[in-house]
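Colleague: have a look at this prediction, sequence included:
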Amino acid sequence: APNWANLLYALAHCKKKGGGLNIASLRADPRWVRSCKELQSSLDHLTARDSANVIWSLATLDAKQEPLFLEAASSLCNNKLAVCDPVSISKAAWALTSVPNRDRRLDLYSKLAVPVVLRADSFPLGSL
């Protein structure tokens, strides 16, 4: 599962560096479809960092409409935040700004906020 997460992360970085990737061309590629399906079936096995990287990558790739986006966000916010590092929380927070449904976005943010508040004193100053 982490290899699929790393693939999405690499694609997002390619796009950020002007790699010319767009979601329409990705959706037309059977390897994209396979990658998303593989990740969907293994979300429970991803670390908190990998989960945050997946939702950051999907948001960066403008793939917010992929079912994987909300499933990965839910997996992270419901199960993994207790062990999430500050950088991953920041990436997740940025990615969650693109959740189109306001109520769903607020629900995910409320789940994201609880561990941050509970562990704020253990995060290095300026890490969030």
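Modeller: Perfect, thanks for sending it. Numbers count the residues shown, from 1 in each chain.
Colleague: my guess is residue 21 contacts residue 11, does it?
Modeller: Yes. In this structure residue 21 lies within contact range of residue 11 using Cβ atoms under 8 Å: 6.2 Å. Just so you know, the C-beta spots here come from the backbone N, C-alpha and C atoms, and that holds for glycine as well.
Colleague: so what sits against both of those two?
Modeller: Listed as contacting both residue 21 and residue 11 by Cβ atoms under 8 Å, 6 or more residues apart in numbering are residue 61.
Colleague: between those two, who's got more neighbours?
Modeller: residue 11 (20 against 17; other Cβ atoms under 10 Å).
Colleague: so which bits of the helix or strand containing that one are buried?
Modeller: If you go by DSSP states H and E, residue 11 is part of helix 2-16. Under the neighbour-count criterion of 16 or more other Cβ atoms under 10 Å, helix 2-16 has 4-5, 7-9, 11-12, 15 buried.
Colleague: in this protein, where is pLDDT below threshold?
Modeller: For the chain, applying pLDDT under 70 flags the ranges 1-2, 119, 123-128.
Colleague: centroid residue for it?
Modeller: Against the mean C-alpha coordinate of the chain, by Cα atoms, centre = their mean, the closest residue is residue 55 at 1.5 Å.
Colleague: which helix or which strand is home to it?
Modeller: Per DSSP H and E: residue 55 is located in helix 48-60.
Colleague: same question for residue 20.
Modeller: Per DSSP H and E, there is no helix or strand for residue 20.
Colleague: any chance of the buried residues of helix 2-16 in TSV, plus distance to residue 69?
Modeller: Putting the buried residues of helix 2-16 into TSV (distance: Cβ to Cβ, whole Å) gives the following:
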residue	distance to residue 69
4	14
5	13
7	15
8	11
9	14
11	14
12	12
15	15
